[in-house]
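**Q** sequence and predicted structure, then a few things I'm wondering about:
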Amino acid sequence: MNIFKIPRMEKDEYDRLINDNYICRIAFRGDNFPYIAPFLYSFDGKYLYFLPTRYGRKIDYFHQYPHVSVEIEYYSSDFSSYKFINLQGTLEEIKDNSEKQRVRSDFIDLIKKRKLSPNVLAALGYSISDPLEIIIQEDRNMVWRLTDVKEIVALKNPSN
């Protein structure tokens with residue numbers, strides 16, 4: 001039996017996939033099972049950044065074991081086109097205030113550029129009636145960066 005292998009993407013293809021999207025899933029090492037959560041992300045061409053709320057299981061898992069898998073995907077509604085990338089690396093918390101402000105500003109730009117609903121603020125721990133600038137003004141979120149990526153698996157449908 002011949003098994004067909006899904007084609008791999010080249011670096012420029014998966015960089016484009018990362019740039020074209022802004023939602024991912026992060027898989028943490030859980031207690032008995034992996035814990036997977038959706039995240040909004042920004043990408044500066046080198047690193048993925050995240051603004052997690054300061055509560056929830058993800059924070060405990062991050063402190064216990066910051067090695068994660070991050071998945072970003074695209075697929076058409078009829079599945080005639082699909083792409084995904086899985087990055088295995090380490091989350092680190094950014095402590096430097098100027099870098100945190102830059103990343104938070106990038107998230108505001110992302111929300112504006114993508115014309116995201118104010119409901120996205122609730123996912124970041126704010127009220128949907130808050131102005132976007134509150135992301136910079138208040139330190140309600142941690143700021144994470146994906147570093148030390150050990151493996152990248154980037155696959156696409158055969159016709160792409």
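**A** Noted; the coordinates are in hand.

**Q** so where do the strands sit in this structure?
**A** 23-28, 35-43, 48-50, 67-75, 82-93, 144-156 (DSSP state E).

**Q** can you count the residues close to Pro38?
**A** By the criterion of other CB atoms under 10 Å, Pro38 has 10 neighbours. Where C-beta positions appear, they are placed from N, C-alpha and C, glycine not excepted.

**Q** identify whichever of the strands of the chain lies nearest to Ser129.
**A** Closest to Ser129 of these, according to CB to CB: strand 35-43, at 18.8 Å.

**Q** circling back to that earlier point, can I get the strands of the chain in TSV with distance to Lys113 and mean pLDDT?
**A** Below are the strands of the chain laid out as TSV (distance: least, CB to CB, whole Å; pLDDT from 0 to 100):
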stretch	distance to Lys113	mean pLDDT
strand 23-28	14	98
strand 35-43	10	97
strand 48-50	15	98
strand 67-75	17	96
strand 82-93	21	97
strand 144-156	20	95
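
**Q** how far away is Lys11 from Ile18?
**A** According to CB to CB, to the nearest Å, Lys11 stands 10 Å off from Ile18.

**Q** between these two, which one's more packed in?
**A** Ile18 (19 against 9).

**Q** ok, residues contacting stretch 51-62?
**A** Contact with stretch 51-62 is made by 26, 28-30, 35, 37, 39-40, 91, 93, 103-104, 107, 124-125, 135, 140-144, as judged by CB atoms under 8 Å, 6 or more residues apart in numbering.

**Q** could you pick out the longest helix of this protein?
**A** Criterion DSSP state H: the longest helix present in the chain is helix 97-113.

**Q** next, the angle strand 35-43 makes with that helix.
**A** With axes from the mean of the first three to the mean of the last three CA atoms, to 10 degrees defining the directions, helix 97-113 sits at 90 degrees from strand 35-43.

**Q** and stretch 130-140, how far out from the chain middle?
**A** Here the centre of stretch 130-140 is set off from its chain's centre by 20 Å, with CA atoms, centre = their mean, to the nearest Å.

**Q** and that stretch, how far apart are its ends?
**A** Across stretch 130-140, the terminal residues are separated by 13 Å (CA to CA, to the nearest Å).

**Q** need the residues that contact that stretch.
**A** For stretch 130-140, using CB under 8 Å, 6+ apart, the contacting residues are 51, 53-54, 100-101, 104-105, 107-108, 111-112, 121, 124-126, 141.
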